[in-house]
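Novice: no sequence for this one, just the structure:
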């Protein structure tokens, strides 16, 4: 992967992480967060709708199962 593509991918991942953090802080609902991520061009260029739902669900599951043990 080229440097620009790596940077864009990292930006997409950071956008997902930031959105998950907003769910955890009750600033966004799960459904609204997933909808926003699916509409975000930085994210949907690298991740399909199904992948976005899976990633967010998995990260939230880790957060609720292990608390602060996850990276969020």
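Specialist: Yep, that arrived. It should be emphasised that the depicted structure is a prediction, and the values quoted were computed from it without experimental measurement.
Novice: now the helices for the protein?
Specialist: For the chain, the helices defined by DSSP state H cover 3-24, 30-39, 41-44, 49-66.
Novice: worst average pLDDT in the ones you listed?
Specialist: Comparing mean pLDDT over these, the weakest stretch is helix 49-66, at a mean of 92.
Novice: contacting residues for the residue nearest the centre of the chain?
Specialist: The structure's the chain has its C-alpha centroid closest to residue 16; by CA atoms, centre = their mean the separation is 2.3 Å. Going by CB atoms under 8 Å, 6 or more residues apart in numbering, residue 16 touches 37, 43, 47, 52, 55-56, 59. For glycine as for every other residue, the C-beta is placed from the backbone atoms N, C-alpha and C.
Novice: what does residue 52 give?
Specialist: Neighbour list for residue 52: 16, 34, 37-38, 43-44 [criterion: CB under 8 Å, 6+ apart].
Novice: if we use 10 Å, what do you get?
Specialist: By CB atoms under 10 Å, 6 or more residues apart in numbering, the contact set of residue 52 is 12, 16, 19, 33-38, 40, 43-44, 46.
Novice: next one: it from residue 20, what distance?
Specialist: Noted for residue 52: a distance of 11 Å to residue 20, by CB to CB, to the nearest Å.
Novice: got phi/psi on the residue of the chain positioned farthest from its centre?
Specialist: In the chain, counting by CA atoms, centre = their mean, residue 2 sits farthest out from the average C-alpha position, at 22.2 Å. Dihedral pair for residue 2: phi -70, psi 160, per degrees, to the nearest 10.
Novice: numbering from 76 from now on, please.
Specialist: All right, first residue 76 from here; so that's residue 77.
Novice: model confidence for it, exactly?
Specialist: 92.
Novice: same question, residue 122
Specialist: 97.
Novice: equivalent analysis for residue 143, please.
Specialist: Confidence score, pLDDT, at residue 143: 60.
Novice: same question, the one 3 residues further on
Specialist: In the prediction, the pLDDT value recorded for residue 146 is 53.
Novice: residue contacts, the closest residue to residue 111 other than its chain neighbours?
Specialist: Nearest residue to residue 111, sequence neighbours excluded (CB to CB, 6 or more residues apart in numbering): residue 94, at 6.6 Å. Residue 94 makes contact with 102-103, 107-109, 111-112, 115, 118, 127, 131, 134, according to CB under 10 Å, 6+ apart.
Novice: thank you kindly, that will do.
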